[in-house]
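J.: kindly return the folded structure for what I paste below:
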Amino acid sequence: MQKKKEEKLPDLTPSYKDLIEVFTAVSSEEDMKALFEDMFTDAEIRDFTIRWKLMNDLYQHVSQRTIASELKISLCRITRGSRMLKKSNGYVKRLLSERYKDHYQI
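T.: Prediction:
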């Protein structure tokens, strides 16, 4: 049996950089909302929102089982968020620490 030749994916680094620049250039909540609604499907926005909610809940020590039950998501999905918060230099962790003004958790 012959292996399928893997298709080479394009280098998306320049587009990723461009996207970051577009996001950082948005200066108002209204404009960011419009950008999200243009670029992402309702399902993608819901996924982002769920990810952010679970990160906030984990940071505030809500149990993973409670989060899974309330958001109707699997524990596997929550595990990724938990790993992100365990990174000592993680940006999300720092962001949440500043948001909740409890820098002792960093």
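J.: for residue 9, what is the enclosing helix or strand?
T.: If you go by DSSP states H and E, residue 9 is not part of any helix or strand.
J.: what about it, how many residues nearby?
T.: 6 (other CB atoms under 10 Å). Just so you know, the C-beta spots here come from the backbone N, C-alpha and C atoms, and that holds for glycine as well.
J.: mind listing the helices for this protein?
T.: Assigned by DSSP state H, the helices in the chain fall at 13-25, 29-39, 42-59, 64-71, 75-86, 91-99.
J.: mind listing what's buried along the fourth one?
T.: Spelled out, that is helix 64-71. Within helix 64-71, the residues scored as buried using 16 or more other CB atoms under 10 Å are 64, 67, 68, 71.
J.: which of those residues lies closest to residue 22?
T.: Taking CB to CB as the measure, residue 22 sits nearest to residue 71 out of the buried residues of helix 64-71, at 28.8 Å.
J.: returning to that earlier point: which of the helices of the chain sits closest to residue 7?
T.: Across the helices of the chain, residue 7 has its closest neighbour in helix 13-25 (17.9 Å, CB to CB).
J.: relative to residue 21, how far out is residue 9?
T.: For residue 9, the distance to residue 21 equals 22 Å [CB to CB, to the nearest Å].
J.: next, count neighbours for residue 54.
T.: 22.
J.: in this structure, which ranges drop under the pLDDT threshold?
T.: Along the chain, segments meeting pLDDT under 70 span 1-6, 103-106.
J.: try 50
T.: Where the chain drops to pLDDT under 50, the residues are 106.
J.: just to revisit the earlier point, distance to residue 25 for the buried residues of helix 64-71 - can I get that in CSV?
T.: Shown next, in CSV, are the buried residues of helix 64-71 (distance: CB to CB, whole Å):
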residue, distance to residue 25
64, 36
67, 33
68, 36
71, 31
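J.: between the residues you listed, which is closest to residue 99?
T.: Looking across these and measuring by CB to CB, the closest to residue 99 is residue 67, at 17.8 Å.
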